[in-house]
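Asker: Sequence unavailable; structure follows:
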């Protein structure tokens, strides 16, 4: 059985079996929700059937499977070098190219809907990248692109490192958060999101291949945090840059309840051996020396850094100093570094557009 997180411990009446679902009366399929409020093209993540890439009808379905087969390739060892640097080094100064990219984007040239990041599955418009400007809240679209390039980079994963899967910010939408944790409609939509996420992976076929699953989440519509499921050494941690005194239940409420329940159910339904251990693990809000009391703007940068550096352990080091002027400078530098990392990524088919604009 899956124990809902809001019940600790559950009574006999409250315990629900994993294969029991509640029909909340949704006679029509749940509406598809864009990955974020800005990116209208992000629905490519749902079923990537476009006129450009997939033919209509049965041939389209065959082409989709062919694309999937081509994408699921085992990386050669040369691409999995232990010396490959995938994490942004915080102590390094901002490079000239990173500064130029930032200056170009922050100059407010071009149209807000210019597509600067293009891939088969997700696009990013100029408005997303302008949110990297200092003292601006990072858009959800940025974090979705961040998750995307990290999922793609798993094909170059260092030998011996954890196999990671990164969710997008709409794995549990506000609409889904309002549903009963074991409703059929919620299960249907969450399973669809998980299957699409695994479809995107260039290397992983099944959730059984994954060691660490990271889900960037939104508290209300203005605060990001990350929920991490360690599937190898069963643990569930919340990475939240805010130093708060609230309980997990009071702060994160039904959105976390539904994510935890549905993800563990997905593990069970797909034969993951550690689903029971995760179900028994008490969700922990991780204490980190760099947590903040007064910074209510940069949660997106903290979430991106936590996604990039979290190793599945309580004692991980994201590289931040304690809250203060030096930390503020670290965040300002990361804004420029992360902006360039996304736009100049090899997974951005419009990389040349950005390079031309910077020149």
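Answerer: Yes, it's here. Because the structure is predicted, anything quoted here is derived from the model rather than measured.
Asker: Report the buried residues of stretch 234-252.
Answerer: Of all the residues in stretch 234-252, those buried under the rule 16 or more other CB atoms under 10 Å are 234-242, 248, 251-252. Any C-beta I mention is one placed from the backbone N, CA and C, and that applies to glycine too.
Asker: Over to stretch 173-191?
Answerer: Within stretch 173-191, the residues that count as buried by 16+ other CB under 10 Å are 173, 176-177, 179-183, 185-187, 189-190.
Asker: and which of the buried residues of stretch 234-252 is nearest to residue 265?
Answerer: Distance from residue 265 was checked for each of these by CB to CB. The minimum falls on residue 236, at 14.2 Å.
Asker: Three-state assignment for that closest one, please.
Answerer: strand (DSSP: H, G, I helix; E, B strand; the rest coil).
Asker: Can you verify my assumption that it contacts residue 278?
Answerer: Yes. A contact is recorded between residue 236 and residue 278 when judged using CB atoms under 8 Å, the distance being 6.4 Å.
Asker: shared neighbours of the two, which are they?
Answerer: Common contacts of residue 236 and residue 278 (CB atoms under 8 Å, 6 or more residues apart in numbering): residue 229.
Asker: Which elements pack onto the lengthiest helix in the chain?
Answerer: Counting by DSSP state H, the longest helix found in the chain is helix 248-269. Using 3 or more CB pairs under 8 Å, 6 or more residues apart in numbering; DSSP states H and E as the contact definition, the elements that helix 248-269 packs against are helix 174-177, helix 184-200, strand 212-219, strand 223-230, strand 235-239, helix 275-280, strand 284-285.
Asker: For residue 157, find the nearest of these.
Answerer: Proximity to residue 157 (CB to CB) singles out strand 212-219 among the helices and strands packed on helix 248-269, at 11.3 Å.
Asker: Give the buried residues for the closest one.
Answerer: Buried residues in strand 212-219, defined by neighbour count with 16+ other CB under 10 Å: 212-219.
Asker: Let me know the closest of the buried residues of stretch 173-191 to residue 290.
Answerer: residue 177 (28.0 Å).
Asker: so who does the residue nearest to that closest one when sequence neighbours are not counted touch?
Answerer: Nearest in space to residue 177, with sequence neighbours left out and distances taken as CB to CB, 6 or more residues apart in numbering, is residue 255 at 4.1 Å. Remark: with contacts taken as CB under 8 Å, 6+ apart, residue 255 is in contact with 172, 174, 177, 217-219.
Asker: Tell me the spacing between residue 255 and residue 223.
Answerer: Computed with CB to CB, to the nearest Å, the distance linking residue 255 and residue 223 is 12 Å.
Asker: Isn't residue 341 up against residue 86?
Answerer: No. At 9.9 Å, residue 341 and residue 86 do not qualify as touching, with contact defined as CB under 8 Å.
Asker: which of those two has more neighbours?
Answerer: Between residue 341 and residue 86, counted using other CB atoms under 10 Å, residue 341 has the larger neighbour count: 18 against 14.
Asker: my read is that one is in a helix, agree?
Answerer: Yes. The assignment for residue 341, made by three-state DSSP, places it in a helix.
Asker: So what does residue 124 have for phi and psi?
Answerer: Recorded main-chain torsions at residue 124 are phi -130, psi 130, according to degrees, to the nearest 10.
Asker: Quick check: nearest residue in space to it, chain neighbours excluded?
Answerer: The shortest distance from residue 124 to any residue that is not its chain neighbour, by CB to CB, 6+ apart, is 3.3 Å, and that residue is residue 117.
Asker: Quick one: neighbours of that neighbour, just the number.
Answerer: Burial measure for residue 117: 27 neighbouring residues, criterion other CB under 10 Å.
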